[in-house]
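>>> Please work out how this folds:
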Amino acid sequence: MSTPERLEGIRVVGFDLDQTLYPKSPEIDEMIGHYLYERIVEHRSVSLAEARELFTSRYLEGSGMSGGEVMRDLGLANGAELVQEALERADITSLLQPDPATCELLAALAQSYRSVDLITGSGREQARQKLAALNIPLETFGLVITDDEASKATGASYRLWLSHYPNLGPDQFVYIGDRPRSDYEIPAALGIRTVLVYVRETNPDIDAYQIANLLGLRDILLMKD
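Here you go, the predicted structure:
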C-alpha cells in the first residue's frame, strides 16, 4: 500500500521474531541455507557442496520458486516446514545486531495498546538468546508464546494467543510477520488482522498490509488522529 491508513480497533499487537524483529541479510541467508543443505544431504545422500548446488541452482536461476518449493522439487515433501524450521533453528545469534529504532518502536506500541506480544516458532531459549542479541528484553512483551507451548504451523499458537483475551474479538488483534503462509494465511483464517514486513514487491492476492520495513508500522499503528 503506497499510502496506508491507520489500522482501527486494534487492542493487541503480536510480533513474529525471525526476520521480523531483525531484517534479512546475506550472512543470515547463508546460515539458514546451510541448515537446508544439510537436510538435502540427509535425504539424497550427496555431499554438502552438491546439496548447495542443487538448492541454489533452482533458487537463483530465476524460476520464481520459493525455498519451500525448491525443497519439494528436491523430493522433501515438507519443504515449507523445513524452511520455517531453518529460520527458527539456525544458530544466527552471533549475526544479530541491536537496532535502537526497533526498541523505540516496541516501547511506543506498548504505550499505545493493551499488550504487545511475541508469538514465535522459535523455542523459548532460542527466542531469549535472539532477543538478548537484539537488546530486546523478554519482558518487553506482555505475553510470549513459543514453539515450546504451541505450534504456529498448525495455528495452535494463534488460538492460544486469542484465548488469553477472551473478551476481545480476533479482529482486535494484529499480527506482524514476514512469511505469507505462517504469518498471514494461518492467522488471517482465524480472523486476526495481519501486516507483512520487508516486502519487496506487493502481492495483490494478499489481503494484508505489506510494508517495506518494520518502521513502517508507525504509519499504520501509531499515526496521529
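
>>> For the longest helix belonging to the chain, enumerate the helices and strands it packs against.
In the chain, with assignment by DSSP state H, the single longest helix is helix 26-44. Other elements packing on helix 26-44 under the criterion 3 or more Cβ pairs under 8 Å, 6 or more residues apart in numbering; DSSP states H and E are helix 48-59, helix 67-73, helix 79-89. All C-beta atoms are positioned from the backbone trio N, CA, C, and that covers glycine.

>>> Quick one: those as JSON lines, columns for mean neighbour count and mean pLDDT too.
Shown next, in JSON lines, are the helices and strands packed on helix 26-44 (neighbours: other Cβ atoms under 10 Å; pLDDT from 0 to 100):
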{"stretch": "helix 48-59", "mean neighbour count": "16", "mean pLDDT": "91"}
{"stretch": "helix 67-73", "mean neighbour count": "19", "mean pLDDT": "86"}
{"stretch": "helix 79-89", "mean neighbour count": "20", "mean pLDDT": "80"}
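
>>> Nearest to residue 39, out of those?
The closest of the helices and strands packed on helix 26-44 to residue 39 is helix 79-89. By Cβ to Cβ, the value is 5.6 Å.

>>> picking that back up, can you give me the buried ones in the longest helix of the chain?
Across helix 26-44, burial judged by 16 or more other Cβ atoms under 10 Å covers 28, 31, 32, 33, 35, 36, 37, 39, 40, 41.

>>> again, but for stretch 130-146
130, 131, 133, 134, 136, 140, 141, 142, 144, 145, 146.

>>> can I get the CA coordinates of that stretch in CSV?
This file holds the C-alpha atoms of stretch 130-146, laid out as CSV (Å, rounded to 0.1, in the frame of the first residue of the first chain):
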residue,chain,number,x,y,z
LYS,A,130,18.0,-13.9,19.9
LEU,A,131,16.2,-11.2,21.8
ALA,A,132,19.2,-10.7,24.0
ALA,A,133,21.4,-10.2,20.9
LEU,A,134,18.9,-7.6,19.7
ASN,A,135,18.9,-5.9,23.1
ILE,A,136,15.2,-6.5,23.4
PRO,A,137,14.3,-7.8,26.9
LEU,A,138,11.9,-10.7,27.0
GLU,A,139,9.9,-8.5,29.4
THR,A,140,9.2,-6.1,26.6
PHE,A,141,6.3,-8.4,25.7
GLY,A,142,3.2,-8.8,27.8
LEU,A,143,2.8,-12.4,26.6
VAL,A,144,5.3,-14.7,24.9
ILE,A,145,4.2,-17.9,23.1
THR,A,146,7.0,-20.0,21.6
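
>>> could I get the buried residues of helix 26-44 as JSON lines with distance to residue 180?
As requested, the buried residues of helix 26-44 are exported to JSON lines (distance: Cβ to Cβ, whole Å):
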{"residue": "28", "distance to residue 180": "19"}
{"residue": "31", "distance to residue 180": "22"}
{"residue": "32", "distance to residue 180": "17"}
{"residue": "33", "distance to residue 180": "20"}
{"residue": "35", "distance to residue 180": "20"}
{"residue": "36", "distance to residue 180": "18"}
{"residue": "37", "distance to residue 180": "24"}
{"residue": "39", "distance to residue 180": "22"}
{"residue": "40", "distance to residue 180": "23"}
{"residue": "41", "distance to residue 180": "28"}
